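1. here is the input, now give the coordinates:
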Amino acid sequence: MSAIAERRPVADVLTKAREGERLSDADAVTLLRSRDLVSVGRVADEVRSRLNDPARVTFIVDRNINYTNVCYTDCDFCAFYRRPGDTREGYLLPKTVIFKKIEETLAIGGTGVLMQGGHHPDLGIDYYEDLFRSIKGRYRVHLHALSPSEVQHIARRSKLTIWETLSRLRDAGLDSLPGGGAEVLVDRVRAVIAPKKTKTEEWLDVMRHAQRLGMSTTATMMYGHVETVEERVEHMRRIRELQDETGGFRAFISWTFQRDGNRLEGHVRDEDMPTSFDYLLTQAVSRIYLDNVPHIQSSWVTQGMKVGQVALAFGADDMGSVMIEENVVSAAGTTHRTSTAELVYLIRSLGKTPVQRDTLYREVKVF
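-> Next up, the predicted model:
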């Protein structure tokens, strides 16, 4: 990011946001450094209510299926992956297991599955085409699958362009692309936490191709490790710029670094670990700054249900997924679970109407 210009007082920045004026990077840094959580949160809630029905809060019933944990990328923040050749804990799920997980999801009213895994050295485009066609031939289910880094790996492994890879995956049944693997879209940060993974421009280019192919996508940010506040804003700027160009991001989801059982643990001191305060402030600023992204998801998976509920007053309009199954965050020491009944209760207790949605934010059921 270029040098941050002189910052406005917090009250001036919030007035600017209230009047619908786009925030500058310096404005966003001012809000993040202000620690004025209540004032920032109040404006974030106003922005949220302008963009989405203030009386409704949405959620989805789906399942994370991590089809393999074998990965050669060696990201320091990941406690989930196992290196190629690990015959004790490395796995590749057989189709029958994946089918059973999908059937269990559909049986409780689920509408989609989020499928992500590692960069398995033996899996090329043929594997994914066969898997996706097999799923689509059996089930009416939305496939929200693969991250940009997985798409890049498949393209390299199969000696295809990104466009060719995404076109073939879409034709085989891939419906939309999740925003995993973004972490922080600043190459200085990526060189520390994930030096073998996609670079910033590569991640954005995969998303640009997917969106131009008509695929809906989401964007994420995993923060609270080695990045600066200015680099968090740079990450959001890159998302906002691509959204201005393509309009293909339907939601933004941010969460804090979880450090148990991974090599990045040693880079982050106890006193520097992000708190619930940091999470709520960062989410609120993201809602104000990302004025062209329709939805902000609460990350109860990393924050827990109480903070996840509070996040609905700090810019979030969506509780994300019931998440029947989750393996990546829990591998790093954070395990939270919920159910449709609990989400409905939490949303109603705020005086809001709970609405089950599908992956594309279409209404499935109003409670």
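
2. report the backbone C-alpha coordinates of the longest helix along the chain in CSV.
-> Using DSSP state H to assign secondary structure, the helix with the most residues in the chain is helix 229-246. These are the backbone C-alpha positions of helix 229-246, laid out as CSV (Å, rounded to 0.1, in the frame of the first residue of the first chain):
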residue,chain,number,x,y,z
VAL,A,229,-3.4,-2.8,10.4
GLU,A,230,-2.5,-1.1,7.1
GLU,A,231,-2.1,-4.5,5.5
ARG,A,232,-5.5,-5.6,6.6
VAL,A,233,-6.9,-2.5,4.8
GLU,A,234,-4.8,-3.3,1.7
HIS,A,235,-6.4,-6.8,1.7
MET,A,236,-9.8,-5.2,1.7
ARG,A,237,-8.8,-2.7,-0.9
ARG,A,238,-7.9,-5.5,-3.3
ILE,A,239,-11.2,-7.2,-2.8
ARG,A,240,-13.1,-3.9,-3.3
GLU,A,241,-11.2,-3.1,-6.5
LEU,A,242,-11.9,-6.5,-8.0
GLN,A,243,-15.6,-6.2,-7.0
ASP,A,244,-15.7,-2.8,-8.7
GLU,A,245,-14.4,-4.6,-11.8
THR,A,246,-16.5,-7.7,-11.9
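
3. quick one: buried residues of that helix?
-> Neighbour-count burial for helix 229-246, counted by 16 or more other Cβ atoms under 10 Å, picks out 229-240, 242-243. The way it works is simple: take the backbone N, C-alpha and C, and place the C-beta from them, glycine included.

4. ditto for stretch 243-260
-> Neighbour-count burial for stretch 243-260 flags 243, 248-259 (criterion: 16+ other Cβ under 10 Å).

5. closest one to Gln152 out of the residues you listed, please.
-> Gly248 (17.5 Å; Cβ to Cβ).

6. hang on, the closest one packs against Val206?
-> No. Contact between Gly248 and Val206 fails when scored by Cβ atoms under 8 Å: they sit 11.5 Å apart.

7. for Gly206, which three-state class applies?
-> Check again: residue 206 is Val, not Gly. Reducing the assignment to helix, strand or coil with DSSP: H, G, I helix; E, B strand; the rest coil, the entry for Val206 is helix.

8. could you check how far it is from Phe132?
-> Separation of Val206 from Phe132 (Cβ to Cβ, to the nearest Å) stands at 17 Å.

9. thinking Asp244 is in contact with Val293, fair?
-> No. Counting by Cβ under 8 Å, Val293 is not a contact partner of Asp244; they are 10.5 Å apart.

10. of Val206 and Phe132, which one has the most company?
-> Here Val206 and Phe132 are compared on neighbour count by other Cβ atoms under 10 Å; more neighbours surround Val206, at 26 against 22.

11. look up how far Val151 lies from the more buried one.
-> Distance of Val206 to Val151, given as Cβ to Cβ: 5 Å.

12. how about the strands in the stretch 151-300 of the chain?
-> In chain order, the stretch 151-300 of the chain shows strands spanning 176-177, 216-223, 249-256, 295-297, with DSSP state E, counting those that start in this stretch as the criterion.

13. need the overlap of contacts for Val206 and Val151.
-> Contact criterion Cβ atoms under 8 Å, 6 or more residues apart in numbering; residues shared by Val206 and Val151: Ile162, Leu166, Leu177.

14. looking at the residues you listed, spot the one nearest Pro354.
-> Ranking the shared contacts of Val206 and Val151 by separation from Pro354, with Cβ to Cβ as the measure, puts Leu177 on top at 26.9 Å.

15. picking up where we left off before, with pLDDT added, can I get the buried residues of helix 229-246 in JSON lines?
-> Putting the buried residues of helix 229-246 into JSON lines (pLDDT from 0 to 100) gives the following:
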{"residue": "Val229", "pLDDT": "97"}
{"residue": "Glu230", "pLDDT": "98"}
{"residue": "Glu231", "pLDDT": "98"}
{"residue": "Arg232", "pLDDT": "98"}
{"residue": "Val233", "pLDDT": "98"}
{"residue": "Glu234", "pLDDT": "98"}
{"residue": "His235", "pLDDT": "98"}
{"residue": "Met236", "pLDDT": "98"}
{"residue": "Arg237", "pLDDT": "98"}
{"residue": "Arg238", "pLDDT": "98"}
{"residue": "Ile239", "pLDDT": "98"}
{"residue": "Arg240", "pLDDT": "98"}
{"residue": "Leu242", "pLDDT": "98"}
{"residue": "Gln243", "pLDDT": "98"}
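
16. got these as CSV, with distance to Thr198 columns?
-> Converted to CSV, the buried residues of helix 229-246 look like this (distance: Cβ to Cβ, whole Å):
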residue, distance to Thr198
Val229, 23
Glu230, 22
Glu231, 17
Arg232, 19
Val233, 21
Glu234, 16
His235, 14
Met236, 18
Arg237, 18
Arg238, 13
Ile239, 15
Arg240, 19
Leu242, 14
Gln243, 19
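
17. among the strands of the stretch 151-300 of the chain, which is nearest Gly20?
-> Closest to Gly20 of these is strand 295-297 (Cβ to Cβ; 17.1 Å).

18. which strands and helices sit next to that closest one?
-> Using 3 or more Cβ pairs under 8 Å, 6 or more residues apart in numbering; DSSP states H and E as the contact test, the elements touching strand 295-297 are strand 249-256, helix 276-289, strand 318-321.

19. poorly predicted segments of the stretch 251-367 of the chain, please.
-> Confidence mapping of the stretch 251-367 of the chain against pLDDT under 70 gives the ranges 259-268, 325-337.
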